[in-house]
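[1] Show me the folded form of this:
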Amino acid sequence: MTDQAESRRVLLVVNPRREEAHAALTTVVKALLAAGVEVLITDEDRDGLSAPGLPALPDELTVVASDDHAADDADVVVVLGGDGTVLRAAERARASEAPLFGVNLGHVGFLAEAESEDITAVVDAIVHRRWHVEERMTLDIRLVSDGEEYRTWALNEIALEKRGHERMIDVLVEVDGRPLSRWGCDGVVVATPTGSTAYAFSAGGPVVWPEVSAMLVVPLSAHALFARPLVVSPTSVVALELGEYSLGALTADGRRIVEVSGGGRIEVRQDPKPVRFARLAHAPFTDRLVAKFQLPVDGWRGRRPEVG
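    Numbers count the residues shown, from 1 in each chain. The predicted structure is shown next:
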């Protein structure tokens, strides 16, 4: 990226329920406007940030519709919030080429590039276009249930889970057109490497470096002799068939939910369109893991020099 940006438009996506988001928004907006950057905000976020008692938003903000084309005119999407807000921003930005620049105001914030104390550095990087782009794999999902087809996508994962207080659901797992196993379980998660640190991680799945192209299949509380997490090829097609007498629900990234009737079938494959993230530096994923999970690395002395 060059130091000077010819066309500078930034879409802001904010979690209005976080008190610290209002202060962060004010700081970012003032700095960007002062640098001559046009700042866009969706009508959804504008309404959420305009509740009684909250500071008034600057009049210079450009309001755009809260749809899949919200980021079409933006150079970058700045996200102020946690991973849930980043996933919401991904819905707005995926149709465009605008990368996501996450500032973590949540807890772990695995998808964010910077912490709240780094806002000044983030603004400077945006003004001078000093970032590089990292692409993350996504999933294409096709559901057929009750004779109806539903299509969606996911950045982190899809989950087929039992509906309500259902005791268990019966799921037959298929890979590349061949049956693998039938599980009586609470559900099944199919995740990307990006999602390996989210729901799949909580369910006992492995952490997969984001540079790896693969899909994870992780059963939830499965009653079976073979119920290990699986890592399959990115060219594979994973299918989940719900038992005839089971009632389930399909969730994509914890945001898009649809009911699945008995006999429903879900097919998951790699989506050719990734989600783009803006990064400040080429930091190893290992360092991100250590920082986010506060892993114990005391005593590490690094690679020893070779003895000739």
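
[2] Can you pull out the low-pLDDT segments for the stretch 201-308 of the chain?
    Applying pLDDT under 70 to the stretch 201-308 of the chain flags the ranges 307-308.

[3] Now Gly262: closest residue in space that isn't a chain neighbour?
    Glu244 (4.5 Å; Cβ to Cβ, 6 or more residues apart in numbering). C-beta here means a position set from N, CA and C on the backbone, and glycine is covered the same way.

[4] Name the helix or strand for that neighbour, please.
    For Glu244, there is no host helix or strand (DSSP states H and E).

[5] got it, and Pro179?
    Short version: Pro179 belongs to strand 178-185, going by DSSP H and E.

[6] Pull the distance from the helix or strand that that strand is followed by to the chain's centre.
    As assigned by DSSP H and E, the chain's next helix or strand after strand 178-185 is strand 187-191. Relative to the chain's own centre, strand 187-191 is displaced by 15 Å; criterion: Cα atoms, centre = their mean, to the nearest Å.

[7] other SSEs contacting strand 187-191?
    Strand 187-191 sits against strand 157-162, strand 169-175, helix 199-202, strand 215-220, strand 238-242, with contacts defined as 3 or more Cβ pairs under 8 Å, 6 or more residues apart in numbering; DSSP states H and E.

[8] contact partners of that strand?
    Here strand 187-191 makes contact (Cβ atoms under 8 Å, 6 or more residues apart in numbering) with 139, 156-162, 169, 171, 173, 195, 198-200, 203, 205, 215-220, 238, 240, 248, 268.

[9] Could you tell me which strands that strand is paired with, and in which direction each runs?
    strand 157-162 (antiparallel), strand 215-220 (antiparallel) (DSSP bridges).

[10] could those strands be laid out in JSON lines, adding mean neighbour count and distance to Asp75?
    Formatted as JSON lines, the strands paired with strand 187-191 follow (neighbours: other Cβ atoms under 10 Å; distance: least, Cβ to Cβ, whole Å):
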{"stretch": "strand 157-162", "mean neighbour count": "24", "distance to Asp75": "29"}
{"stretch": "strand 215-220", "mean neighbour count": "24", "distance to Asp75": "31"}
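
[11] Arg255: which of the ones you listed is closest?
    Arg255 lies closest to strand 157-162 among the strands paired with strand 187-191, at 10.9 Å (Cβ to Cβ).

[12] Contacts for the closest one, please.
    Applying Cβ under 8 Å, 6+ apart, the contact partners of strand 157-162 are 139, 141, 152, 168-169, 171, 186-192, 195, 198-200, 216, 220, 240, 242, 246-253, 260, 266, 268.
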